[in-house]
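1. Need a 3D model of the sequence below.
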Amino acid sequence: MNVEILTPEKKLYSGDVYGVQLPGITGLFEILEKHAPLVSALGKGNVKILKDKNNFENFSIESGFVEVLNNKVTVLVEGAQSI
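-> Next comes the predicted model:
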């Protein structure tokens, strides 16, 4: 599954991953390979990129949206930084 994290200024992350955990506006949720198509609003919190079952990378975000389509996850965010 491919994940891209984009801000208005730049691309923060792009790569093939095992999964991604996202801060939805009503709570955390996780997207794994072959997830159904989805568009969702994101709230303030951490995006956790699961590169494999033991290796991950975190980003702090203020708000945004996520789109899942054809095994590609596009995360559009504001106020993002790597932590």
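
2. Secondary structure element for the residue nearest to residue 35 when sequence neighbours are not counted, which one?
-> Of all residues not flanking residue 35 in the chain, residue 68 sits nearest, at 5.1 Å (Cβ to Cβ, 6 or more residues apart in numbering). C-beta: built from backbone N, CA, C; applies to glycine. Applying DSSP states H and E as the criterion places residue 68 in strand 63-69.

3. For the helix or strand immediately after that strand in the chain, C-alpha coordinates in PDB please.
-> Towards the C-terminus, the helix or strand next in line after strand 63-69, according to DSSP H and E, is strand 72-78. Taking Å, rounded to 0.1, in the frame of the first residue of the first chain, the C-alpha atoms of strand 72-78 are listed here in PDB:
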ATOM      1  CA  LYS A  72      -3.200   4.300  -2.200                       C
ATOM      2  CA  VAL A  73      -3.700   6.600   0.900                       C
ATOM      3  CA  THR A  74      -3.400  10.300   0.400                       C
ATOM      4  CA  VAL A  75      -3.300  12.400   3.600                       C
ATOM      5  CA  LEU A  76      -3.800  16.200   3.100                       C
ATOM      6  CA  VAL A  77      -2.900  18.100   6.300                       C
ATOM      7  CA  GLU A  78      -2.100  21.500   7.800                       C
END
